[in-house]
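**Student:** Quick one, structure for this:
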Amino acid sequence: MSVSVLGALREGLRWTVSRNGLLLVGVFTGIGLLGSVAFDSAVASLGESMLALEGEGEVELDEEARTLLEDDSIAPLALPIPGAAISLLLLTWLLGWVAASVVVVRASVADVRNGLPDDLVWRRLAAATGNELLARVAVWAMVGIGLVLFVVPGLLLAVLFVFARPGVAVEDRNGVDAMVESVSRTKGVRLKLAGLLVSLAAIYVAVRSAGVILTAPFAFASSLSTGLALVSTLLSVVFVAAANVVWLAVHGRVYAQVIEDEAGADGDETGEADRPKEADEWDDPPGVEW
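**Tutor:** Numbering: from 1, shown residues only. This is a model prediction of the structure:
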């Protein structure tokens with residue numbers, strides 16, 4: 001099995017700036033804004049509760065904390081909604097983000113750049129979303145523990161499970177099967193995949209950093225205007241969405257390399273690669289047959 005790191009990075013970036021890539025950046029932006037509304041509403045609700053408790057003499061806040069809680073710019077997208085509605089928004093944001101991730105992987109693996117076929121988007125999407133969520137939680141937990149403890153084990157686990165998401169999204173596997181199959185598929189290319197993940201992480205950080213730099217002037221001035229705070233939040237969400245699509249698209253393109261290689265190997269094993277084509281498969285002149 002062979003993997004081209006540069007090829008996967010190049011193809012993933014090209015797919016991201018395609019029509020479908022930019023469309024899904026927009027989808028992630030919308031989902032991200034929904035999450036921002038939920039988080040900002042939770043922050044505002046907590047602030048109001050703290051100020052109310054202070055008014056009743058239950059807690060004592062210093063001047064700096066009180067000023068911060070009274071500043072509307074820290075939660076510019078907050079809505080006056082109850083806790084149950086905030087919880088529902090957070091759940092919708094989480095499931096929407098995971099479902100969109102499944103669609104990005106499917107489209108990038110298929111290298112579909114203009115228009116999204118219904119089958120590619122909706123095929124067992126609910127089941128894939130649930131399995132993807134479970135697999136991601138398991139992988140994040142193991143990789144996180146490995147990174148915190150010794151770093152290298154965390155990177156190794158990230159490499160071993162790099163194909164878990166495509167296994168769920170493209171092959172409709174359950175989360176456990178996709179993780180097991182991912183370990184098998186990384187054999188022989190784990191060093192290259194480690195290099196791919198490090199390179200991809202650098203690109204992800206670069207995109208996010210560009211967003212931080214661009215939004216910095218708005219963030220510094222956000223205390224002067226709620227409108228500037230809204231602009232800062234919007235730009236930040238857009239760059240997070242773009243970085244996420246790049247990450248997913250590159251994963252999809254390297255997975256496409258692997259399954260193409262597997263298809264070629266299967267053809268060699270069955271002798272199909274060397275089998276002569278049938279007569280009607282050749283562009284023979286009239287009267288000439290194989």
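**Student:** ok, which stretches of the protein are helices?
**Tutor:** Taking DSSP state H as the criterion, the chain carries its helices at 5-16, 19-55, 63-70, 83-110, 118-122, 125-149, 152-160, 164-171, 175-185, 190-221, 226-269.
**Student:** just the angle between the first one and helix 190-221, please?
**Tutor:** Yep, that's helix 5-16 we're talking about. When axes from the mean of the first three to the mean of the last three Cα atoms, to 10 degrees is applied, the directions of helix 5-16 and helix 190-221 differ by 40 degrees.
**Student:** Please identify which of the helices of the chain is closest to Leu77.
**Tutor:** Evaluated over the helices of the chain, closeness to Leu77 peaks at helix 19-55, with 4.3 Å, by Cβ to Cβ. Backbone N, C-alpha and C define where each C-beta goes, glycine included.
**Student:** Under the pLDDT cut-off, which ranges of the stretch 1-150 of the chain? List them.
**Tutor:** Where the stretch 1-150 of the chain drops to pLDDT under 70, the residues are 1, 65-66, 68-73.
**Student:** who's in contact with stretch 131-144?
**Tutor:** Contact with stretch 131-144 is made by 94-95, 98, 101-102, 154, 157-158, 161, 164-165, 168-169, 173-176, 178-179, as judged by Cβ atoms under 8 Å, 6 or more residues apart in numbering.
**Student:** Please apply the same query to stretch 12-27.
**Tutor:** By Cβ under 8 Å, 6+ apart, the list of residues contacting stretch 12-27 from outside reads 100, 103-104, 107-108, 111-116, 200, 203, 238, 241-242, 245-246, 249-254.
**Student:** and Gly130, how many neighbours does it have?
**Tutor:** Residue neighbour count, defined by other Cβ atoms under 10 Å, stands at 17 for Gly130.
**Student:** same question, Val151
**Tutor:** Every residue meeting other Cβ under 10 Å relative to Val151 is counted, giving 10.
**Student:** ok, now which ones touch the residue nearest the centre of the chain?
**Tutor:** Central residue of the chain (Cα atoms, centre = their mean): Asn244, 4.4 Å from the mean position. Applying Cβ under 8 Å, 6+ apart, we find Asn244 in contact with 28, 101.
**Student:** if we go to 10 Å?
**Tutor:** With contacts defined as Cβ atoms under 10 Å, 6 or more residues apart in numbering, Asn244 is in contact with 16, 24-25, 28, 31-32, 97, 100-101, 104, 204, 207-208.
**Student:** possible to save those as JSON lines with neighbour count and distance to Leu9?
**Tutor:** As requested, the contacts of Asn244 are arranged in JSON lines below (neighbours: other Cβ atoms under 10 Å; distance: Cβ to Cβ, whole Å):
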{"residue": "Thr16", "neighbour count": "24", "distance to Leu9": "11"}
{"residue": "Leu24", "neighbour count": "26", "distance to Leu9": "18"}
{"residue": "Val25", "neighbour count": "22", "distance to Leu9": "18"}
{"residue": "Phe28", "neighbour count": "24", "distance to Leu9": "20"}
{"residue": "Ile31", "neighbour count": "23", "distance to Leu9": "25"}
{"residue": "Gly32", "neighbour count": "22", "distance to Leu9": "24"}
{"residue": "Trp97", "neighbour count": "19", "distance to Leu9": "23"}
{"residue": "Ala100", "neighbour count": "21", "distance to Leu9": "22"}
{"residue": "Ser101", "neighbour count": "26", "distance to Leu9": "19"}
{"residue": "Val104", "neighbour count": "28", "distance to Leu9": "16"}
{"residue": "Tyr204", "neighbour count": "17", "distance to Leu9": "11"}
{"residue": "Val207", "neighbour count": "19", "distance to Leu9": "13"}
{"residue": "Arg208", "neighbour count": "16", "distance to Leu9": "17"}
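**Student:** Out of those residues, which is nearest to Ala263?
**Tutor:** Here the nearest of the contacts of Asn244 to Ala263, counting by Cβ to Cβ, is Val104; it sits at 22.4 Å.
**Student:** Now do the contacts for that closest one.
**Tutor:** In this structure, Val104 makes contact with 15-16, 20-21, 24-25, 27-28, 165, 169, 244-249, 251-252, judged by Cβ under 10 Å, 6+ apart.
**Student:** swap in Gly55?
**Tutor:** Counting by Cβ under 10 Å, 6+ apart, Gly55 makes contact with nothing.
**Student:** Spatially nearest residue to Leu248, not counting backbone neighbours?
**Tutor:** Of all residues not flanking Leu248 in the chain, Val104 sits nearest, at 4.2 Å (Cβ to Cβ, 6 or more residues apart in numbering).
**Student:** same question, Arg185
**Tutor:** Going by Cβ to Cβ, 6+ apart, Arg185 has Phe163 as its nearest residue, at 5.0 Å.
**Student:** Understood, closing this out.
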